[in-house]
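Novice: Here's my sequence, what's the structure:
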Amino acid sequence: MLSPYLESTRIEAGCDEVGRGCLCGPVVAAAVILPVDYANEFINDSKKLSKFNRNSLVNEIKSSAISWSVAEASVEEIDKINILHASFLAMTRAVEKLTKRPDHLLIDGNRFKSTLTIPYSCIVKGDSKFASIAAASILAKVYRDEFMEKMAQDYPGYGWEKNAGYPTKMHRDGIRKFGLTPLHRKSFRLLPEQMKLEF
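Specialist: All right, here's what the predicted structure looks like:
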């Protein structure tokens, strides 16, 4: 069972993002405030859960949370400010969308930078330690996976319905065969054999 809080006397929002390592699509973040006594043995790091289990937990998280939100940073923003800062931007937007202002943020990872004035703690592998961060990782991943599945219908041949935009063989073979889509991150090294693609 993951810890329900870092400190029980304050309102904490867990924050996580998904999609940093993808070759295309937005980076998506979520923020979740859970009740201080919340407990669910099935909530864990989204990467450790099956797709079925992630999807089955979404409604449970949304209905149990004091507040939750999902936000993103676009491909254009990723290419402009880089993926790390775009991840921070997506998390900032997620926190700003919460209907209740938290006293403290629990950020998955070892770094965070934001215009927010809310204190925060960075927690390495936080999504496998704190329920609110794990819940955020689940909401963000399900949202992003569903988005990429929809985009796969518009841009077939890259396998996004299976790889969600990550650099799999099928995805890279699709880039070689069909070229780039508007969703591809042009600041990324999309193919191993090319240091920079010509546009």
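
Novice: Just the element for the closest residue to N44 other than its chain neighbours, please.
Specialist: The shortest distance from N44 to any non-neighbouring residue, by C-beta to C-beta, 6 or more residues apart in numbering, is to A134 (5.5 Å). Any C-beta I mention is one placed from the backbone N, CA and C, and that applies to glycine too. If you go by DSSP states H and E, A134 is part of helix 131-154.

Novice: buried set for the helix or strand just after that helix?
Specialist: Of the helices and strands lying after helix 131-154 in sequence (DSSP H and E), the nearest is helix 160-163. Across helix 160-163, burial judged by 16 or more other C-beta atoms under 10 Å covers 160, 163.

Novice: Name the surrounding residues that touch helix 160-163.
Specialist: With C-beta atoms under 8 Å, 6 or more residues apart in numbering as the test, helix 160-163 has contacts from 24-25, 148-149, 151-152, 168, 170-171.

Novice: Now the buried members of the residues you listed.
Specialist: Here, 16+ other C-beta under 10 Å leaves 24-25, 148, 151-152, 168, 171 buried among those.

Novice: coming back round to it: can I get the helix holding A134 in CSV, CA atoms only?
Specialist: Extracted C-alpha coordinates of helix 131-154, given in CSV (Å, rounded to 0.1, in the frame of the first residue of the first chain):
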residue,chain,number,x,y,z
ALA,A,131,-0.9,7.3,-3.7
SER,A,132,-1.6,10.8,-4.9
ILE,A,133,1.4,10.8,-7.3
ALA,A,134,0.5,7.3,-8.5
ALA,A,135,-3.1,8.4,-9.1
ALA,A,136,-1.8,11.4,-11.1
SER,A,137,0.4,9.1,-13.2
ILE,A,138,-2.6,6.8,-13.9
LEU,A,139,-4.9,9.7,-15.0
ALA,A,140,-2.2,11.2,-17.2
LYS,A,141,-1.2,8.0,-18.9
VAL,A,142,-4.8,6.9,-19.6
TYR,A,143,-5.6,10.3,-21.0
ARG,A,144,-2.5,10.4,-23.2
ASP,A,145,-2.8,6.8,-24.4
GLU,A,146,-6.5,7.5,-25.4
PHE,A,147,-5.4,10.6,-27.3
MET,A,148,-2.7,8.8,-29.2
GLU,A,149,-5.1,5.9,-30.1
LYS,A,150,-7.4,8.5,-31.6
MET,A,151,-4.5,10.1,-33.5
ALA,A,152,-3.5,6.7,-34.8
GLN,A,153,-6.8,6.7,-36.8
ASP,A,154,-5.8,10.0,-38.5
